[in-house]
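> Any chance you can model this:
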Amino acid sequence: ERIMGSIQANMELEHKRRDEFENRQQVEAEREERLMQAKALQQEEGAKRSFQLMMRRKVIQQEANQKMEERRGAILEQHEVTEYRLLEHEQKKERYLDFKRELDGLRGKNKEINVERQRRREESVREMVAEQVRKKDDKIDALNGERKRLWALRRHAQSEAYRAREQVKSEIMRQRITSKFNSKALEQKLASIMQQDCFTEKLLGGSASMPTLKQASVESH
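Here you go, the predicted model:
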């Protein structure tokens, strides 16, 4: 019995040791499991953080690329705007030069027109002055001709007046000599003489230098 008790005690001790070992193994396994789970969780968290970091970097890179693309687009747009402005400026300059050339041409034509107009005006003035001078010369010539004609008529009238006065004197002397004074015959003779064209007022126009037969006859009488 003692041996059996010893064996039983040994078996119980072995069983207890085995249980303790198994318990330790189980605890160790559980600890390893927890460690593995914690490590896996840590790895998962790390992977998540790495993924998040990668995604953040990717987003940052995309944002940077987008900003760079936007900046490139803005630069290209600015270049296009600058080129458009330069082109517009060149077009404006070309239009201004065309307008200036056209304006200079119009000014030149206008100057030519003004010169031609001034030349025609001066020519018209010269022609008008020449016409006025010609008319004035014609008028002067006509007046001189009229003066010459009137002077000739007056000289003729003076000569005829002198001759008529002599005739009247002769008639008066004849009547005195014959003592037959006939005033009516004398007046008729005087009227006949005065009817001559050279004694008309219309023809002679009147002249203070012309002698009158009435004065001559009165003086003689």
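
> hey, let's count contacts and neighbours off CA atoms from now on
OK.

> Where does the prediction get shaky in the chain?
Within the chain, the stretches with pLDDT under 70 are 1, 186, 189, 193-194, 196-221.

> Regarding it, what is its longest helix?
When the chain is parsed with DSSP state H, its longest helix is helix 2-178.

> Can you spell out which helices and strands pack onto that helix?
Where contact means 3 or more Cα pairs under 8 Å, 6 or more residues apart in numbering; DSSP states H and E, helix 2-178 is packed against helix 183-194, helix 201-204, helix 213-220.

> Now do Asp91 against Glu83, distance only.
To be clear, residue 91 is Gln; Asp isn't right here. Gln91 sits at a distance of 12 Å from Glu83 (criterion: Cα to Cα, to the nearest Å).

> Over to Lys67?
Taking Cα to Cα, one finds Lys67 at 23 Å from Glu83.

> Quick test: name the residue nearest the centre of this protein.
Leu103 (8.5 Å; Cα atoms, centre = their mean).

> any idea how far Gln91 is from it?
Distance, Leu103 to Gln91, by Cα to Cα: 18 Å.

> Equivalent analysis for Asp137, please.
Asp137 sits 66 Å away from Gln91, going by Cα to Cα.

> do the same with Lys109
Taking Cα to Cα, one finds Lys109 at 26 Å from Gln91.

> Then Ala40?
As judged by Cα to Cα, Ala40 and Gln91 stand 72 Å apart.

> what do you get for Glu146?
On the measure of Cα to Cα, Glu146 and Gln91 end up 79 Å apart.
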